[in-house]
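>>> sequence plus predicted model, see below.
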Amino acid sequence: MFAQVLYEGIVMGFIYALYAMGIALIWGVMNILSFSQGEFMMIAMYLTFFMNLWFGWDPLVAMPFVIVLMFCLGTLVYSTIIKKALKGPILSQRLVTYALGMILCNGVILIAGGQNKSIPNLIFSKSFKIAGVTLSQPKMILVIVSLIVCLALALFMNKTKMGKAIRATSQDKEAAGLVGINTEVAYTVAFGISTAIAGAAGSAMTYYYYFQPNIGANFMIFGFIAVCLGGFGSIGGAFVGGMIMGLVDLFTGTYLSVSFKYLAVSVVFLLIVTFRPKGIFGK
């Protein structure tokens, strides 16, 4: 029982980690809270659903196309909305993504309806047992996609010229501009990557979740707490925070009650920030 719950908690942790990493990236670079991250993930789910409906593509086949489309959507959103909001008051900067999330959610309701949807006939849908633990292929897809995204993001941010430019811009925008870095391009790419991460998460989650336009709100609280736990701006911290949230969620729901999981998450959050006010990896 314990091993099974641990496995399920790790899977849930990877889901929260994917969600939280996109938020951490945007905060670390632009100091903006991306309240629309869940809605971007939801958009990716619907893109995956319609690619399956129209072309018969499995989510794994659709995923690369969804990631590219979500990256393009992110760069468009930054260029048309976020860029202008950054010139306004702090409150406008904080709330613009919240308003965007509401527009995306209600727009999808108008276009596709509010009913639960799922993708049938998945390539990987079986389960198998190892040491008494039931491992389902759909959940393993989530874990593998999460690990690939984490590794790819780490390599991009640390090994590529653009990744280093984004990091430099996040540390000091004016100084980065003085040494020849196009900070607006860095901001645009960073926001595009954040939405692309949501795209990967959304496509992978169609293997496991029923979804509808409001699904993003279900992850928002846990995602932001994961970012706080890890330390705002720390992508690695967001990953660790997501894993903590997943484990607390599953163990509380299994051994106590589902109704206590928000209480347990809040207690863990308060305990960690009491001793580490800036988060586990915050500076």
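Looks like it came in fine.
>>> just for this protein, where's the confidence low?
The chain contains residues with pLDDT under 70 at 282-283.
>>> one more time with 50, if that's ok
Across the chain, nothing is flagged by pLDDT under 50.
>>> where along it do the helices fall?
Secondary structure of the chain (DSSP state H): helices at 2-30, 37-55, 59-77, 83-85, 90-112, 137-159, 161-171, 173-178, 183-205, 215-230, 235-255, 261-275.
>>> and the second one, what does it pack against?
Here helix 37-55 touches helix 2-30, helix 59-77, helix 90-112, helix 183-205, helix 215-230, going by 3 or more CB pairs under 8 Å, 6 or more residues apart in numbering; DSSP states H and E. Heads up, the C-betas are built off the backbone N, CA and C, glycines and all.
>>> for residue 134, which of those helices is the nearest?
helix 2-30 (6.5 Å; CB to CB).
>>> quick revisit: CSV for the helices of the chain, including mean neighbour count and distance to residue 130?
As requested, those are arranged in CSV below (neighbours: other CB atoms under 10 Å; distance: least, CB to CB, whole Å):
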stretch, mean neighbour count, distance to residue 130
helix 2-30, 23, 10
helix 37-55, 23, 28
helix 59-77, 20, 22
helix 83-85, 15, 49
helix 90-112, 15, 38
helix 137-159, 17, 11
helix 161-171, 18, 36
helix 173-178, 13, 48
helix 183-205, 26, 21
helix 215-230, 23, 28
helix 235-255, 22, 18
helix 261-275, 14, 27
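>>> quick one on the thing from earlier: got JSON lines for the helices and strands packed on helix 37-55, with distance to residue 174 too?
Output for the helices and strands packed on helix 37-55, formatted as JSON lines (distance: least, CB to CB, whole Å):
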{"stretch": "helix 2-30", "distance to residue 174": "14"}
{"stretch": "helix 59-77", "distance to residue 174": "23"}
{"stretch": "helix 90-112", "distance to residue 174": "18"}
{"stretch": "helix 183-205", "distance to residue 174": "9"}
{"stretch": "helix 215-230", "distance to residue 174": "25"}
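>>> can you say which of these is nearest to residue 254?
That would be helix 2-30 among those, by CB to CB, at 4.9 Å.
>>> ok, back up a step: Throw the helices of the chain into a markdown table and include distance to residue 127, thanks.
Below are the helices of the chain laid out as a markdown table (distance: least, CB to CB, whole Å):
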| stretch | distance to residue 127 |
| --- | --- |
| helix 2-30 | 12 |
| helix 37-55 | 21 |
| helix 59-77 | 18 |
| helix 83-85 | 46 |
| helix 90-112 | 30 |
| helix 137-159 | 7 |
| helix 161-171 | 38 |
| helix 173-178 | 49 |
| helix 183-205 | 17 |
| helix 215-230 | 24 |
| helix 235-255 | 17 |
| helix 261-275 | 25 |
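>>> for residue 281, which of the ones you listed is the nearest?
helix 235-255 (3.6 Å).
>>> before we move on, the earlier item: residue 118: which of the helices of the chain is closest?
Of all these, helix 37-55 comes closest under CB to CB, at 8.2 Å.
>>> so what's the residue nearest to residue 11 when sequence neighbours are not counted up against?
What sits nearest to residue 11 in space, not counting adjacent residues and going by CB to CB, 6 or more residues apart in numbering, is residue 139, at 4.6 Å. Contacts here follow CB atoms under 8 Å, 6 or more residues apart in numbering; on that basis residue 139 touches 8, 11, 207, 208.
>>> switch those residues over to a markdown table; also include distance to residue 35.
As requested, the contacts of residue 139 are exported to a markdown table (distance: CB to CB, whole Å):
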| residue | distance to residue 35 |
| --- | --- |
| 8 | 28 |
| 11 | 25 |
| 207 | 26 |
| 208 | 24 |
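>>> closest one of those residues to residue 253?
When those are compared against residue 253 (criterion: CB to CB), the nearest one is residue 8, at 9.3 Å.
>>> among the contacts of residue 139, which two are most distant?
Across the contacts of residue 139 (CB to CB), the longest gap, 14.9 Å, separates 8 and 207.
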